[in-house]
Structures are given as structure tokens and as C-alpha cells.
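>>> My questions are about this predicted structure, shown below with the sequence.
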Amino acid sequence: MIKRLISLLFLAWVLGFAWFALLPPMPAPPQKTDAIVVLTGGPGRIDRALDLLEAGQAKRVLISGVAREVKPKELAAEYRRPQALFDCCIALGFEAEDTRSNATEVASWVARRNYRSIRLVTTDWHMRRARYELGRALGDKVTILPDAVRSQPSFSTLFREYHKFLAGLAGGLLGL
């Protein structure tokens with residue numbers, strides 16, 4: 001009986017990892033939301049969010065997880081965007097250090113503005129966990145549109161992220 005249970009758990013783990021690694025989330029189609037939220041940490045994320053903002057997909061962007069020493073002027077120069085865009089429409093979040101604290105930071109920002117829909121921009125391999133943590137923090141009153149930035153993650157990145165995702169799910173089930 002124990003061997004069958006272990007075999008079943010192993011099979012579930014293998015199939016889950018195959019799903020996670022072979023069917024990553026995709027970029028979202030054009031759809032307006034109240035705001036765009038981008039989590040720092042991977043190439044192409046901030047570029048994607050800024051492109052969406054400039055295309056009129058939302059009126060505000062929150063960049064969550066920015067290092068405290070970074071200034072809007074520096075980001076504007078780095079991403080070759082006008083300072084006026086950062087002054088009017090882009091907020092920098094300095095509190096987050098990991099995905100769970102990104103979710104807390106985003107939830108607070110969204111609640112202060114009474115937003116009902118956000119577009120979440122992060123890397124494809126990070127999207128499932130980020131979406132899950134954000135959903136837990138925001139509740140069911142805010143619609144989240146996942147918008148994954150395509151990447152070429154290594155096996156070790158996928159393996160590590162899959163286990164972080166599973167740990168987050170387990171923590172959610174246990175109320176942690």
C-alpha cells in the first residue's frame with residue numbers, strides 16, 4: 001500500500017513538472033486593465049510593462065521590488081522613456097524582496113486605488129507562482145490578467161521554481 005502511494009505521488013510530481021516545464025504561460029492579448037503590475041527580476045519584464053502602458057492598455061504601472069537606491073530618473077534613462085511618463089504614470093515599489101512580499105506590496109497599492117483589474121507582467125516560468133501569490137493577497141475582488149514574458153529558462157530554474165510553486169500551494173492549503 002505504501003509503495004503504491006509513493007508511486008502515485010511520484011507520478012503526480014512528474015506529470016506536474018512536465019505540465020509546468022512544457023506548457024508555460026503565454027503573453028496576454030490586448031485587453032485594458034485598471035493598472036499594470038510588473039515584478040522585477042527578469043529581462044524583458046519592465047520593457048513589456050512600459051510598452052503596454054504606452055499602448056494604452058492601462059493608465060498606471062507599479063514596478064514592484066525595486067531596489068531602494070533606484071530613482072525614477074535612472075529607470076527612465078535605462079529604458080529610454082521620457083521622464084514625464086515616469087512622473088505621471090509609474091509608481092516604484094521598494095518594499096518587496098520576494099514573490100510573497102511582491103504580492104503584499106501590490107495588494108496594498110491596488111487597494112489604495114480601488115482598482116478592480118490588473119495585468120500581471122512577469123517571466124513565463126515565474127508566472128504561476130506570482131499569479132497564485134497575488135491571487136491570495138488580492139482576493140476575488142480584483143481580476144488578474146497574467147501576461148507572461150517569454151524566456152528560455154534552464155532546467156535548474158524550472159526545477160527550482162516548480163518546487164517553490166508547490167511550496168506556495170502547500171502553504172496556502174495549510175493557511176501559512
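Done, it's in. Residues are numbered from 1 along each chain as shown.

>>> For Ala21, which non-adjacent residue is spatially closest?
Leu158 (4.7 Å; CB to CB, 6 or more residues apart in numbering). No exception for glycine: its C-beta is placed from N, CA and C like everyone else's.

>>> Shouldn't the one you found be within a helix?
Yes. Under DSSP: H, G, I helix; E, B strand; the rest coil, Leu158 sits within a helix.

>>> So for it, what's the pLDDT?
On the pLDDT scale, Leu158 is placed at 97.

>>> gap between it and His126?
According to CB to CB, to the nearest Å, Leu158 stands 11 Å off from His126.

>>> ditto for Ala111
23 Å.

>>> more crowded one of those two?
Neighbours per residue (other CB atoms under 10 Å) separate Ala111 from His126, with His126 holding more: 24 against 14.

>>> doesn't Pro43 make contact with the more buried one?
No. Taking contacts as CB atoms under 8 Å, His126 lies outside contact range of Pro43: 11.9 Å.

>>> which residues are common contacts for the two?
By CB atoms under 8 Å, 6 or more residues apart in numbering, His126 and Pro43 have no common neighbours.

>>> All the helices of the protein, in order from the start?
2-22, 45-54, 72-78, 83-89, 99-113, 124-138, 155-173 (DSSP state H).

>>> Mind putting those helices into JSON lines with distance to Lys32?
Converted to JSON lines, those look like this (distance: least, CB to CB, whole Å):
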{"stretch": "helix 2-22", "distance to Lys32": "30"}
{"stretch": "helix 45-54", "distance to Lys32": "10"}
{"stretch": "helix 72-78", "distance to Lys32": "24"}
{"stretch": "helix 83-89", "distance to Lys32": "14"}
{"stretch": "helix 99-113", "distance to Lys32": "15"}
{"stretch": "helix 124-138", "distance to Lys32": "18"}
{"stretch": "helix 155-173", "distance to Lys32": "29"}
